[in-house]
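here's a sequence, model it:
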Amino acid sequence: MFPFLKLEFFAKSSRQGGIFFTKVVKETSKTLGECRTIHNSGSLSITPGMSVKDLEQNFRDIYGLTVQILRKSGKAWLETTVTDGWSLKEQNEQGESLSNNVSLESLEKKTKRTRTHQAANSRKYFIN
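Numbering: from 1, shown residues only. Reported below is the predicted structural model:
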(Lines give C-alpha, C1' and ligand atoms only; values in the text may rest on other atoms or scores of the structure.)
Protein backbone atom coordinates (compact mmCIF):
# COMPACT_ATOMS: atom_id res chain seq x y z
CA MET A 1 0.00 0.00 0.00
CA PHE A 2 2.92 2.34 0.79
CA PRO A 3 5.96 1.20 -1.22
CA PHE A 4 8.02 4.26 -0.21
CA LEU A 5 7.48 3.78 3.53
CA LYS A 6 9.00 1.25 5.88
CA LEU A 7 7.95 0.28 9.39
CA GLU A 8 10.76 -0.58 11.81
CA PHE A 9 10.17 -2.21 15.17
CA PHE A 10 12.30 -1.46 18.20
CA ALA A 11 12.95 -3.36 21.35
CA LYS A 12 12.93 -1.67 24.74
CA SER A 13 13.35 2.09 24.57
CA SER A 14 14.62 4.42 27.24
CA ARG A 15 15.74 8.00 27.70
CA GLN A 16 19.25 8.48 29.02
CA GLY A 17 20.64 12.01 29.21
CA GLY A 18 17.92 13.28 26.87
CA ILE A 19 19.04 10.93 24.09
CA PHE A 20 16.67 8.23 22.86
CA PHE A 21 18.41 4.85 22.66
CA THR A 22 16.73 1.88 20.97
CA LYS A 23 17.61 -1.47 19.55
CA VAL A 24 16.04 -2.46 16.24
CA VAL A 25 14.23 -5.80 16.31
CA LYS A 26 15.77 -7.88 13.52
CA GLU A 27 13.73 -11.10 13.89
CA THR A 28 11.53 -11.02 10.81
CA SER A 29 10.04 -14.44 11.57
CA LYS A 30 8.30 -13.23 14.74
CA THR A 31 4.68 -12.14 14.71
CA LEU A 32 3.28 -9.02 16.39
CA GLY A 33 1.70 -11.32 18.95
CA GLU A 34 5.11 -12.69 19.93
CA CYS A 35 6.74 -9.25 20.19
CA ARG A 36 4.10 -7.14 21.85
CA THR A 37 4.28 -6.21 25.52
CA ILE A 38 0.56 -5.50 25.94
CA HIS A 39 -1.41 -8.71 25.58
CA ASN A 40 -4.97 -7.40 25.55
CA SER A 41 -7.01 -8.08 22.45
CA GLY A 42 -7.04 -5.19 20.03
CA SER A 43 -6.90 -4.33 16.38
CA LEU A 44 -5.09 -1.65 14.49
CA SER A 45 -6.33 -0.05 11.27
CA ILE A 46 -3.87 1.62 8.93
CA THR A 47 -5.37 4.12 6.50
CA PRO A 48 -3.84 6.54 3.98
CA GLY A 49 -5.18 9.56 5.88
CA MET A 50 -3.68 8.49 9.22
CA SER A 51 -0.72 10.54 10.43
CA VAL A 52 2.63 8.93 11.13
CA LYS A 53 2.40 10.17 14.72
CA ASP A 54 -1.01 8.51 15.22
CA LEU A 55 0.13 5.20 13.74
CA GLU A 56 3.24 5.10 15.93
CA GLN A 57 1.16 6.02 18.99
CA ASN A 58 -1.43 3.31 18.18
CA PHE A 59 1.31 0.65 18.09
CA ARG A 60 2.46 1.84 21.54
CA ASP A 61 -1.04 2.04 23.02
CA ILE A 62 -2.50 -1.18 21.58
CA TYR A 63 0.53 -3.49 21.46
CA GLY A 64 3.17 -1.81 23.63
CA LEU A 65 5.48 -1.71 20.62
CA THR A 66 7.83 1.11 19.67
CA VAL A 67 7.84 1.64 15.91
CA GLN A 68 9.31 4.20 13.55
CA ILE A 69 8.07 5.02 10.06
CA LEU A 70 10.87 5.58 7.55
CA ARG A 71 10.47 7.27 4.17
CA LYS A 72 12.49 6.32 1.12
CA SER A 73 14.67 9.01 -0.38
CA GLY A 74 16.59 7.62 -3.33
CA LYS A 75 18.51 4.68 -1.93
CA ALA A 76 18.31 5.85 1.70
CA TRP A 77 15.59 5.50 4.33
CA LEU A 78 14.95 8.65 6.39
CA GLU A 79 13.20 8.98 9.74
CA THR A 80 9.96 10.94 9.54
CA THR A 81 10.23 12.56 12.98
CA VAL A 82 10.16 16.11 11.62
CA THR A 83 7.13 15.38 9.43
CA ASP A 84 5.27 12.97 11.72
CA GLY A 85 2.12 15.11 11.42
CA TRP A 86 1.88 14.24 7.72
CA SER A 87 -0.47 11.49 6.58
CA LEU A 88 0.90 8.15 5.43
CA LYS A 89 -0.29 9.04 1.92
CA GLU A 90 1.63 12.34 1.97
CA GLN A 91 4.75 10.63 3.30
CA ASN A 92 4.54 7.95 0.60
CA GLU A 93 4.03 10.54 -2.16
CA GLN A 94 7.03 12.53 -0.88
CA GLY A 95 9.10 9.34 -0.82
CA GLU A 96 8.09 8.56 -4.39
CA SER A 97 8.91 12.09 -5.50
CA LEU A 98 12.30 12.09 -3.76
CA SER A 99 13.16 8.66 -5.11
CA ASN A 100 12.14 9.55 -8.65
CA ASN A 101 14.03 12.86 -8.51
CA VAL A 102 17.12 11.09 -7.25
CA SER A 103 16.75 8.52 -10.03
CA LEU A 104 16.37 11.26 -12.64
CA GLU A 105 19.33 13.18 -11.22
CA SER A 106 21.42 10.00 -11.25
CA LEU A 107 20.41 9.30 -14.85
CA GLU A 108 21.17 12.88 -15.89
CA LYS A 109 24.59 12.76 -14.20
CA LYS A 110 25.36 9.39 -15.79
CA THR A 111 24.28 10.70 -19.22
CA LYS A 112 26.39 13.84 -18.76
CA ARG A 113 29.43 11.76 -17.70
CA THR A 114 28.98 9.49 -20.72
CA ARG A 115 28.77 12.45 -23.08
CA THR A 116 31.81 14.09 -21.47
CA HIS A 117 33.71 10.80 -21.70
CA GLN A 118 32.71 10.33 -25.34
CA ALA A 119 33.69 13.90 -26.18
CA ALA A 120 37.05 13.54 -24.41
CA ASN A 121 37.79 10.29 -26.18
CA SER A 122 36.66 11.34 -29.64
CA ARG A 123 39.29 12.68 -31.92
CA LYS A 124 38.90 14.43 -35.22
CA TYR A 125 41.45 13.76 -37.86
CA PHE A 126 41.92 16.11 -40.74
CA ILE A 127 43.73 15.01 -43.84
CA ASN A 128 45.16 17.65 -46.10
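
run through who's touching the strand with the most length in the chain.
What stands out as the longest strand in the chain, according to DSSP state E, is strand 66-73. The contact list for strand 66-73 (Cβ atoms under 8 Å, 6 or more residues apart in numbering) reads 3-11, 13, 22, 52, 55-56, 59-60, 77-81, 83-84, 88, 91-92, 94-96, 98-99, 102. Using the backbone N, CA and C atoms, a C-beta is placed for each residue, glycine as well.

what average pLDDT does it get?
Mean pLDDT, computed over strand 66-73, is 90.

keep only those of the contacts of strand 66-73 that are in strands.
5-10, 77-79.

can I get those in JSON lines with neighbour count, distance to residue 71 and pLDDT?
Listed next are the ones in strands among the contacts of strand 66-73 as JSON lines, based on neighbours: other Cβ atoms under 10 Å; distance: Cβ to Cβ, whole Å; pLDDT from 0 to 100:
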{"residue": "5", "neighbour count": "21", "distance to residue 71": "6", "pLDDT": "96"}
{"residue": "6", "neighbour count": "13", "distance to residue 71": "8", "pLDDT": "93"}
{"residue": "7", "neighbour count": "13", "distance to residue 71": "11", "pLDDT": "91"}
{"residue": "8", "neighbour count": "15", "distance to residue 71": "12", "pLDDT": "86"}
{"residue": "9", "neighbour count": "20", "distance to residue 71": "17", "pLDDT": "84"}
{"residue": "10", "neighbour count": "15", "distance to residue 71": "17", "pLDDT": "78"}
{"residue": "77", "neighbour count": "17", "distance to residue 71": "7", "pLDDT": "92"}
{"residue": "78", "neighbour count": "15", "distance to residue 71": "5", "pLDDT": "91"}
{"residue": "79", "neighbour count": "13", "distance to residue 71": "8", "pLDDT": "90"}
